[in-house]
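1. Sharing a sequence plus its predicted fold:
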Amino acid sequence: MSKIVLKNLAKHFGAVKAVDNLTLEIPAGSFTTLLGPSGCGKTTTLRMIAGLETPTDGEIWIGDQCVFSRREGRFVPAGDRGLGLVFQSYALWPHLTVFENIAFGLKIAKVKKAEVQKRVEETAEVLQIGELLKRYPNELSGGQQQRVAIARVLVMRPQVLLLDEPLSNLDAKLRMDMRAELKRLHSEMGSTVVYVTHDQLEALTLSTHVAIMDRGTLQQWSPPMVVYNQPANVFTADFIGNPRINLVQGVFKKEQERFVFAAPGLELPLDVSEDLVRLVGRPVTLGLRAEDFTLSTTPAEGFLAAEVESVLPAGSEWFVRVRLGELALMTSTTYDPQVDSGGTLWIQVKPEKMKFFDEDEKLIIGIGSTYGRKEVA
């Protein structure tokens, strides 16, 4: 296992800053996901770690070895970095058996035949493809081919495993199965994994750490559920989550000895804090996820009457879009609300789930949710 340290890493393509001054320390043995929309710089970052792209500036350390430094003029070639790479394309040799595909790198490295046999069989056993060793790639399913591609890398025993959207070619059910396989594999092997994806579900389910990127810059670096529950800014809050988070524009107000968040159609009481006093009268954004509401089919104290616009059953939960005056909100519940469009539900915001962002769209610490407060970056 090796940690990876990126120091002020940058990559420019002409005037375009694909990665801009990225500093990040990836712990040894972690499963770190680089997550963001297309063009955010995540794949470029992975390729710079791999040695497939030369950075414009900065440093890259893998374990105790500096593999790139612009200041010192150092560049260690990809083949000497002790890394394993798995890409979106499986790139298996069609004329070689599964065994021969997995063993290919070992034979190039002139590993002894007995050792090749042992390591291929051990790796195939870990990936549960031992019975496929005599088959050819065209006799395998997509998921089996993906396991062979991963086995071909793991058999070389790399310090670090880099994966660039390896599951994007698989159908939804197979992707879920392969996520479980990758998580099991990481638990058993303990390798340092850097995983690139634009799929937030993959990031949340697989990772020990998530790096959210946008336009080449790091937006947040936290464990996955901290990113979800305590997003560092509006971009992260809006990017993570399905359905999208409700973002409500409003202001903090003081009414006698009471503080409230006020927006058209919504007024929420708040606990007094020094941060809140400082922000009274200034515009803020409230973030509420669909599950941050309590729903009731009958009137209740502290609940607001809301008009139901649509009900979307999704098996284990129901998504309900409601309207409070001019304000439309997406809510959810684990039970059938038994209400149709045009009906009425009563909703209440869970106070501990409120997330507020200031005029610069940054999270305001100390007001609303306390989940993972110390780990927000």
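-> Good, I have the coordinates.
2. For the stretch 101-250 of the chain, which segments count as helices?
-> 113-126, 142-154, 172-189, 200-206, 224-229, 234-239 (DSSP state H, counting those that start in this stretch).
3. Which strands or helices does the first one pack on?
-> In terms of contacts (3 or more C-beta pairs under 8 Å, 6 or more residues apart in numbering; DSSP states H and E), helix 113-126 is packed against helix 98-108, helix 142-154, helix 172-189. C-beta coordinates here come from the backbone N, C-alpha and C atoms, glycine included.
4. Can you tell me which of the ones you listed is most buried?
-> helix 142-154 (a mean of 22; mean count of other C-beta atoms under 10 Å).
5. Between helix 172-189 and that helix, find me the angle.
-> Calculated by axes from the mean of the first three to the mean of the last three C-alpha atoms, to 10 degrees, helix 142-154 forms an angle of 30 degrees with helix 172-189.
6. distance between helix 142-154 and the chain's centre?
-> Helix 142-154 has its C-alpha centroid displaced from the chain centroid by 22 Å (C-alpha atoms, centre = their mean, to the nearest Å).
7. got the angle between it and helix 98-108?
-> 20 degrees.
8. where among the helices of the stretch 101-250 of the chain is the average confidence lowest?
-> Ranked on mean pLDDT, the bottom entry among those is helix 172-189, at a mean of 83.
9. Which strands or helices does it pack on?
-> helix 113-126, helix 142-154, helix 200-206.
10. Please dump those helices into JSON lines; it should also carry distance to residue 254 for every row.
-> Formatted as JSON lines, those follow (distance: least, C-beta to C-beta, whole Å):
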{"stretch": "helix 113-126", "distance to residue 254": "61"}
{"stretch": "helix 142-154", "distance to residue 254": "58"}
{"stretch": "helix 200-206", "distance to residue 254": "37"}
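11. Of all those, which one is nearest residue 165?
-> Closest approach to residue 165 among the helices and strands packed on helix 172-189 is made by helix 200-206 (9.0 Å; C-beta to C-beta).
12. Report all helices and strands that the closest one contacts.
-> strand 31-35, helix 172-189, strand 192-197, helix 224-229.
13. who's in contact with the third one?
-> Going back to what we said before, that points to strand 192-197. For strand 192-197, the external contacting residues (C-beta atoms under 8 Å, 6 or more residues apart in numbering) are 1-4, 26-35, 42-43, 45-46, 49, 159-168, 186, 202-203, 206-207.
14. give me that answer again for 7 Å
-> 1-4, 26, 28-35, 42-43, 46, 49, 160-165, 186, 203, 206 (C-beta atoms under 7 Å, 6 or more residues apart in numbering).
15. could you flag which of the residues you listed are buried?
-> 2-4, 26, 30-35, 42-43, 46, 49, 160-165, 186, 203, 206 (16 or more other C-beta atoms under 10 Å).
16. on that earlier part again, in a markdown table: the helices and strands packed on helix 113-126, plus distance to residue 271.
-> Below are these laid out as a markdown table (distance: least, C-beta to C-beta, whole Å):
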| stretch | distance to residue 271 |
| --- | --- |
| helix 98-108 | 59 |
| helix 142-154 | 49 |
| helix 172-189 | 38 |
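17. Local confidence estimate at residue 27?
-> The model's pLDDT for residue 27 equals 96.
18. Test my guess that it contacts residue 5.
-> No: Residue 27 is beyond contact range of residue 5, at 10.1 Å (criterion: C-beta atoms under 7 Å).
19. can you name the farthest residue from the center of this structure?
-> Distance from the C-alpha centroid of the chain peaks at residue 256, with 43.1 Å (C-alpha atoms, centre = their mean).
20. distance of that one from residue 268?
-> 16 Å (C-beta to C-beta, to the nearest Å).
21. Roughly how far does residue 212 sit from residue 41?
-> On the measure of C-beta to C-beta, residue 212 and residue 41 end up 11 Å apart.
22. scratch that, residue 221 is what I was asking about
-> From residue 221 to residue 41 the distance is 14 Å (C-beta to C-beta).
23. And the two? Which one has more around it.
-> residue 41 (24 against 21; other C-beta atoms under 10 Å).
24. Check the more buried one and give its pLDDT.
-> 95.
25. Return the residues in contact with it.
-> By C-beta under 7 Å, 6+ apart, the neighbours of residue 41 are 18-19, 213, 216.
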